[in-house]
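>>> Predicted coordinates and the sequence they were generated for:
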Amino acid sequence: MGKKELRDRDVWQKKSGLMGKKAEDEFEAVFLAEFTGTEYVIRKEPKELKDIYSKNPKHGVSIDYAITNKKTKKTLYVEIKSQEGYVPGETLPKDGRGNAHERSCKFFTPGLLKVMCKLSNLPVGTLPFWIVYQGRITRDAKRTREITYWFDEYGAHFFLWKSSSSTPLINHFKKNLRHILD
């Protein structure tokens, strides 16, 4: 890769990072407001997974949020994935690049599932995570087919946050995930 290509890549990475941070901040604001005065709490960048592979040197998993029921001590880990996507008539096919949605598949690995269930006080066999996708990926037919296929009967554990309204996001949590924490 030449100098110009590397320079363009830096710009792409900055844009992607800003888009991801914006999605995370929006998610956090929605649930901080929603959980006020309830038994639920949202924590940003929970630390309990940071050294699951190795304590010295620290090597583990970074996750965006944890939602915990203070009464039951049960936790659901949340990852926010913001990614561009190909939307015919609106974007070019090259805009469907990116693998944020593929990187979220690590949460399905047996070892990570086992440790996450233990740390979240959820029974083995329960998915201890929720992935929220945001950005054009939510309208990219190819990517949404892949995500839907991967989650199979665990479709409640992902959400395609398409609008700027928080209502569908909150309703999804209440209908499909809150019972896991109760």
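Nice, I can see it.
>>> just the helices in this protein please.
3-35, 100-103, 110-120, 141-151, 167-172, 178-181 (DSSP state H).
>>> Any stretches of the protein with poor pLDDT?
1-20, 86, 93-97 (pLDDT under 70).
>>> returning to what we had before: let's have the helices of the chain in a markdown table, adding distance to Trp130 and mean neighbour count.
The C-beta positions use only the backbone N, C-alpha and C, and glycine is treated the same way. Below are these laid out as a markdown table (distance: least, Cβ to Cβ, whole Å; neighbours: other Cβ atoms under 10 Å):
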| stretch | distance to Trp130 | mean neighbour count |
| --- | --- | --- |
| helix 3-35 | 10 | 13 |
| helix 100-103 | 14 | 17 |
| helix 110-120 | 11 | 16 |
| helix 141-151 | 11 | 15 |
| helix 167-172 | 9 | 14 |
| helix 178-181 | 9 | 16 |
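>>> Quick one: closest of the ones you listed to Val61.
Across those, Val61 has its closest neighbour in helix 110-120 (6.9 Å, Cβ to Cβ).
>>> neighbouring contacts of that closest one?
48-49, 52, 61, 66, 74-77, 106-107, 123-129 (Cβ atoms under 8 Å, 6 or more residues apart in numbering).
>>> center of this structure - which residue?
Taking Cα atoms, centre = their mean, the centroid of the chain lies closest to Glu79, which sits 2.2 Å from it.
>>> my read: that residue touches Ser62, true?
No. Taking Cβ atoms under 8 Å as the definition, Glu79 is not a contact partner of Ser62, at 9.3 Å.
>>> Adjacent strands (with direction) for the strand ranked longest in the chain?
The longest strand of the chain (DSSP state E) is strand 74-82. Note on strand 74-82: by DSSP bridges, its sheet partners are strand 65-69 (antiparallel), strand 129-134 (parallel).
>>> Of those strands, which stretch is the most buried?
Comparing the strands paired with strand 74-82 by mean neighbour count (mean count of other Cβ atoms under 10 Å), strand 129-134 comes out on top with a mean of 24.
>>> for Ile137, what are its contacts?
81-85, 98, 100-101, 143-144, 160.
>>> Pipe those residues into a markdown table and attach distance to Lys70 per row.
Below are those laid out as a markdown table (distance: Cβ to Cβ, whole Å):
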| residue | distance to Lys70 |
| --- | --- |
| Lys81 | 27 |
| Ser82 | 29 |
| Gln83 | 33 |
| Glu84 | 37 |
| Gly85 | 37 |
| Gly98 | 36 |
| Ala100 | 31 |
| His101 | 32 |
| Arg143 | 36 |
| Thr144 | 34 |
| Leu160 | 29 |
